[in-house]
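> The sequence and its predicted three-dimensional model are supplied below.
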Amino acid sequence: MNSLSDLLSRFPYLGEVVWIGLRPGRRADIIPCEAATALAGRGLEGDHYAGRSGSRGITLVQAEHLAVLGALLRRDPIDPAVLRRNLVVSGVNLTALKGQRFRIGTAVLEGTGPCPPCSRMEEALGPGGYNAMRGHAGANARVVTSGMIRLGDAVVRLHDAIDREETLPR
């Protein structure tokens, strides 16, 4: 029988970064980009949240939840820019990364917990947008080691100083 520790350490696949966005200012339009520099203890260079709170240095949302949100709102999958998260990742459960260190590109991040929706989601998504986001709004992470994050980079959980990237399929 597997221990809970064993179960928590297993991921079936690597995740992948499918979208990157920077928020240059409060309520400013999101700037989609192909790469961003993660700064240790701060966040993404060029993002207005960088340096405000180490625990919320980078915000992430699962690509799979964009379709769920669209379905809950009876529309097409949601454009990630509307959600104002920094990274959209596919193929990995962000909840499972809470309290875990993981590598994206050359940066090392640590999952700090859920990124709850704010009241602006009602404005951005329409009536019921806030409640649609609950449970699907993504996660926060702090930057442990500075590095570059690019579209297509793998999301790899780190444990026991062993990087299992070679053993997990994408």
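Perfect, I can see it now. Numbers count the residues shown, from 1 in each chain.
> tell me which element the residue nearest the centre of the chain falls in.
Taking C-alpha atoms, centre = their mean, the centroid of the chain lies closest to residue 60, which sits 1.7 Å from it. Assigned by DSSP states H and E, residue 60 belongs to strand 58-62.
> for that strand, packing partners?
Applying 3 or more C-beta pairs under 8 Å, 6 or more residues apart in numbering; DSSP states H and E, one finds that strand 58-62 contacts strand 87-90, strand 139-145. Where you see a C-beta, it was placed from the backbone N, CA and C, and this is true even at glycine.
> List of residues touching it?
Strand 58-62 has contacts (C-beta atoms under 8 Å, 6 or more residues apart in numbering) with 38, 43-44, 49, 80, 83-90, 92-94, 109, 115, 136-143.
> ok, back up a step: ok, now how distant is the spatially closest residue to the residue nearest to the centre of the chain that is not a sequence neighbour from residue 94?
With C-beta to C-beta, 6 or more residues apart in numbering as the criterion, residue 60 has its nearest non-adjacent residue at 4.6 Å, and that residue is residue 87. Distance, residue 87 to residue 94, using C-beta to C-beta, to the nearest Å: 10 Å.
> Residue 148 now?
Distance from residue 148 to residue 94, by C-beta to C-beta: 21 Å.
> Those two: which has the busier surroundings?
residue 94 (23 against 13; other C-beta atoms under 10 Å).
> Any regions of the protein where pLDDT drops low?
5-13, 51-54, 160-170 (pLDDT under 70).
> Tell me where it has strands.
With DSSP state E, the ranges of strands along the chain come out as 15-22, 31-33, 35-39, 43-44, 58-62, 87-90, 101-104, 107-114, 139-145, 147-150, 154-159, 162-163.
> Most tightly packed of the ones you listed?
The highest mean neighbour count among the strands of the chain, using mean count of other C-beta atoms under 10 Å, belongs to strand 43-44: a mean of 26.
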